[in-house]
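Novice: dropping the sequence and predicted coords here.
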Amino acid sequence: MRGIAIETDRARGEDGRRRSQTDRLAERLGSITVFGHRIDGTWAELRRRRVPTHWTNVFGAVTLGSLVVVTVTGILLMFFYTPSSEGTVYAGSYAPLHGTEVSKAFASTMHVTFDVPGGVVLRQAHHWAALLLPAAITVQLVSTFFTGAFRRPRRAMWVLLLLALIAALASGWSGYALPDDMLSGTGLRIVEGILLGIPVIGTWLASVLFGGAFPGRIIENLYPLHIVVFPGALLALVALRALAAWRHGPPQFPGRGHTPENVVGVALVPTAATRAGGLFLVVTGLLLLISATVTVSPIWLYGPADPGNAGAGSQPDWYTGFLDGALRLVPPGWEFVWLGRTWTMAILAPLAVVGAFFAAVAAYPFLEEWVTGDRRDHHLLDRPRFAATRTGLGVAGLVFVGVLWAAGGADIIATAFSVSIEHVITALQVALIVAPFVAFTIARRVCFGLQRKDAGLLRHGYETGRIVRLPGGEYVEIHQPLDETERARLAMPDDPTGSAHEPITGEAGPLTRRLRLGMRRYYNGGRIDAEPADHEPRDSTRALEAPVSRR
């Protein structure tokens, strides 16, 4: 026995000597504790987690890619940019502006563009990524809304995503003015007019932002907002949303084997992470390719900002076009005198409408829960057709913002189609009121029609085109029944709104009770029963994939 023990100890020693330095380093790294968790335990949890495979997941990778590009390029641009409104004489490589009095901010931006190797690509990559970032977040918001991913327990994630969009818009707007060219100077003059039009506090706000008479020290004041405040808020919001997503797990669409207790999909590490990394590289590569081939923000053509002049045909970046459009759609003469002050509705009405719209978007998860009484946790997403009222509201909201966005380019529309600008504005004013209601009605009816189509497929299957004659002489078409996977995908969920879980009692006032009851009936009204008939076969096949716990 002693000889056997000696041989065992000798074998262990040889195994220890054969272990590579990488294995020893991996073992030591795995034993490190971070925030109370060992790294190897966290790694095992990452490999255990599952992520659903659906096309809506790509927008998160697009958002991350554009955020990384805009952050890295912004840090590099900081080494060359001079945030100063002080005047200087331009003497750079762009000959047409030689001897022109410009600000140091404009001169440094021109230096990056023409004198720094790769500087123009760096600037344009920063700009294109800043344009893509709010687009990716907006599409995430839209897909989250139409699929019902904002319901419990993810209501806070919805608010965080909306705040991230606002932070991205603020970051883009603050950087829009930093080159101090004629286009950004025109935009800043509009901002000053909006601030001055706010009663009581407008003059003070303009003085704080601009640091005196226009243009004041606007470059010096916007620079810390652009590089610290707004980006810091955006990164913090994205990090908080990622933590919330880790805690609650990903939602998934209904399907065969998909239940609220499991997640059917691929492993987070390495499969989902590899796919997301590949898409991240594709997004980054496309941004760099576009930056190298497509010109954006040609400040050398706009020229330096001039407080006494404005650029003709100036347009804001696409993500702030709806704000400009809201200003253009206000009828003239909307002002009155009250309390010794002039209240200009041309400024207050657009601010109130846009602010109310964002407030309604942020509060919608709570409003829907109040109407439907559904306080359950939802880990299965809705097909938009199954929530017809919600889908109609979403389409109406998109049409509302689309009309405002189109109004931001009303002058371009009038020029392109050779029509009067007054006619374009009048048509858009009518569309702003009428179009959302029309879009809501059409979208809701389309959802009901799609529900009827699904109900027919569940009951009768697909049409095959084969016509047979029955013994009685009747000709009928043969239908192909749906398989279990298709039945699980198309089937209407039981009580999708959960309205039966919270009856409206008499504890609330009678008016509130009647209001909630009417809204609940309208919200749930018109739903089509998409379940197959009792005499037809149902899905009784067990799931092919084993359930994976959300924890």
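Specialist: Alright, I've got the coordinates. Residues are numbered from 1 along each chain as shown.
Novice: the strand or helix carrying Ser207: what's the following helix or strand?
Specialist: Using DSSP states H and E, Ser207 sits in helix 202-210. Counting by DSSP H and E, the next helix or strand C-terminal to helix 202-210 is helix 218-224.
Novice: quick one: residues in contact with the helix or strand just after that next one.
Specialist: Going down the chain from helix 218-224, the next helix or strand is helix 230-248, by DSSP H and E. Helix 230-248 has contacts (CB atoms under 8 Å, 6 or more residues apart in numbering) with 63, 67, 71, 74, 153-154, 156-157, 160-161, 163-164, 167-168, 170-171, 174, 550. Bear in mind the C-beta positions are built from the backbone N, C-alpha and C, glycine included.
Novice: same check on stretch 354-369?
Specialist: Under CB under 8 Å, 6+ apart, the answer for stretch 354-369 is 141, 145, 150-152, 155, 158-159, 162, 166, 322-323, 326, 374-375, 390, 393, 397, 400-401, 404, 523.
Novice: would Thr71 count as being in a helix?
Specialist: Yes. Judged by DSSP: H, G, I helix; E, B strand; the rest coil, Thr71 forms part of a helix.
Novice: residues near it, how many?
Specialist: The number of residues packed near Thr71 is 16, by other CB atoms under 10 Å.
Novice: which of the contacts of helix 230-248 are buried?
Specialist: 63, 67, 71, 74, 154, 157, 160-161, 163-164, 167-168, 170-171, 174 (16 or more other CB atoms under 10 Å).
Novice: and the closest residue in space to Leu237 that isn't next to it in sequence, what element?
Specialist: Leaving aside its sequence neighbours, Leu237 sits nearest to Ala164 (CB to CB, 6 or more residues apart in numbering; 4.3 Å). Here Ala164 is covered by helix 155-176, with elements defined by DSSP H and E.
Novice: can you dump the C-alpha atoms of the longest strand belonging to the chain in CSV for me?
Specialist: Looking across the chain with DSSP state E, the single longest strand is strand 462-469. Written as CSV, here are the backbone C-alpha positions of strand 462-469 (Å, rounded to 0.1, in the frame of the first residue of the first chain):
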residue,chain,number,x,y,z
TYR,A,462,-53.2,25.6,-45.7
GLU,A,463,-54.9,25.4,-49.1
THR,A,464,-53.2,22.8,-51.3
GLY,A,465,-54.9,23.5,-54.6
ARG,A,466,-56.0,19.9,-54.9
ILE,A,467,-59.7,19.6,-55.8
VAL,A,468,-61.4,16.2,-55.2
ARG,A,469,-64.9,15.1,-55.8
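Novice: same for the helix or strand following it, what does it pack against?
Specialist: The first helix or strand that comes after strand 462-469 along the chain, using DSSP H and E, is strand 475-480. With contacts defined as 3 or more CB pairs under 8 Å, 6 or more residues apart in numbering; DSSP states H and E, strand 475-480 has these neighbours: strand 462-469.
Novice: if I look at the residue nearest to Leu237, how far off is Leu141?
Specialist: Plainly put, Ala164 is 9 Å away from Leu141 if you go by CB to CB, to the nearest Å.
Novice: likewise for Arg487?
Specialist: 31 Å.
Novice: quick check, central residue of this protein?
Specialist: Ile137 (2.1 Å; CA atoms, centre = their mean).
Novice: isn't that one up against Ile166?
Specialist: No. Between Ile137 and Ile166 there is no contact under CB atoms under 8 Å: 9.6 Å.
Novice: can you say which helix or strand has Phe59 in it?
Specialist: helix 58-78.
Novice: buried ones in that helix?
Specialist: 58-67, 69-71, 73-74, 76-77.
Novice: same deal with stretch 467-480?
Specialist: So for stretch 467-480, nothing qualifies as buried (16+ other CB under 10 Å).
Novice: so for that stretch, mean pLDDT?
Specialist: Mean pLDDT, computed over stretch 467-480, is 84.
Novice: and what of stretch 411-424?
Specialist: Here the average pLDDT along stretch 411-424 is 90.
Novice: can you give me the end-to-end span of that stretch?
Specialist: One end of stretch 411-424 sits 8 Å from the other (CA to CA, to the nearest Å).
Novice: now that stretch, how far from the centre of its chain.
Specialist: Computed by CA atoms, centre = their mean, to the nearest Å, the chain-centroid distance of stretch 411-424 equals 31 Å.
Novice: what does stretch 445-457 give?
Specialist: With CA atoms, centre = their mean, you get 29 Å for stretch 445-457.
Novice: contacting residues for Ala107?
Specialist: Thr82, Thr88, Tyr90, Gly92.
Novice: returning to what we had before: and the next helix or strand past the helix holding Phe59?
Specialist: strand 87-89.
Novice: I'd like the mean pLDDT over that next one, please.
Specialist: 91.
Novice: next, the buried residues of it.
Specialist: In strand 87-89, counting by 16+ other CB under 10 Å, buried: Thr88.
Novice: all the strands of the chain, residue numbers only.
Specialist: Using DSSP E, strands in the chain cover 33-34, 37-38, 50-51, 87-89, 101-103, 266-267, 335-338, 341-344, 462-469, 475-480.
Novice: pLDDT averaged over the third one - what is it?
Specialist: The predicted model gives strand 50-51 an average pLDDT of 86.
Novice: and it, which strands flank it?
Specialist: As defined by DSSP bridges, the strand partners of strand 50-51 come to strand 266-267 (antiparallel).
Novice: contact partners for the residue nearest to Leu237?
Specialist: Contacts of Ala164 (CB under 8 Å, 6+ apart): Ile137, Leu234, Leu237, Val238, Arg241.
Novice: any idea how far the last one lies from Ala170?
Specialist: Same thing as Arg241. Applying CB to CB to Arg241 and Ala170 gives a distance of 17 Å.
Novice: and the pLDDT at Val34?
Specialist: pLDDT at Val34 comes out at 52.
Novice: roughly how far apart are Phe106 and Pro384?
Specialist: The value you get for Phe106 to Pro384, if CB to CB is used, is 48 Å.
Novice: for these two, indicate the residue with more neighbours.
Specialist: Phe106 (32 against 21).
Novice: surely that one meets Ala177?
Specialist: No. Under the criterion of CB under 8 Å, Phe106 makes no contact with Ala177, lying 11.3 Å away.
Novice: show the low-confidence segments of the protein, by residue range.
Specialist: 1-40, 311-313, 493-509, 526-551 (pLDDT under 70).
Novice: cutoff 50 now
Specialist: Applying pLDDT under 50 to the chain flags residues 1-12, 14-16, 36, 532-551.
Novice: relative to Leu380, which of the strands of the chain is closest?
Specialist: For Leu380, the closest of the strands of the chain is strand 50-51, at 14.5 Å, according to CB to CB.
Novice: where's Thr344 relative to Leu351, distance?
Specialist: 11 Å.
Novice: looking at the two, which one has more neighbours?
Specialist: Per other CB under 10 Å, whichever of Thr344 and Leu351 has more neighbours is Thr344, with 19 against 15.
Novice: beta partners for the more buried one?
Specialist: Going by DSSP bridges, Thr344 forms beta bridges with Glu335.
Novice: pretty sure it contacts Leu196?
Specialist: No. If you go by CB under 8 Å, Thr344 and Leu196 don't touch, sitting 9.3 Å apart.
Novice: what ranges do the helices span in the stretch 301-450 of the chain?
Specialist: 321-328, 345-372, 388-407, 410-417, 421-460 (DSSP state H, counting those that start in this stretch).
Novice: only C-alpha atoms, please: export the first one in PDB.
Specialist: If I follow you right, that is helix 321-328. Extracted in PDB, the C-alpha atoms of helix 321-328 (Å, rounded to 0.1, in the frame of the first residue of the first chain):
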ATOM      1  CA  GLY A 321     -36.500  67.200 -37.400                       C
ATOM      2  CA  PHE A 322     -39.700  66.600 -35.500                       C
ATOM      3  CA  LEU A 323     -38.900  69.400 -33.100                       C
ATOM      4  CA  ASP A 324     -38.400  71.900 -36.000                       C
ATOM      5  CA  GLY A 325     -41.600  70.600 -37.600                       C
ATOM      6  CA  ALA A 326     -43.600  71.200 -34.500                       C
ATOM      7  CA  LEU A 327     -42.500  74.900 -34.600                       C
ATOM      8  CA  ARG A 328     -43.500  75.200 -38.300                       C
END
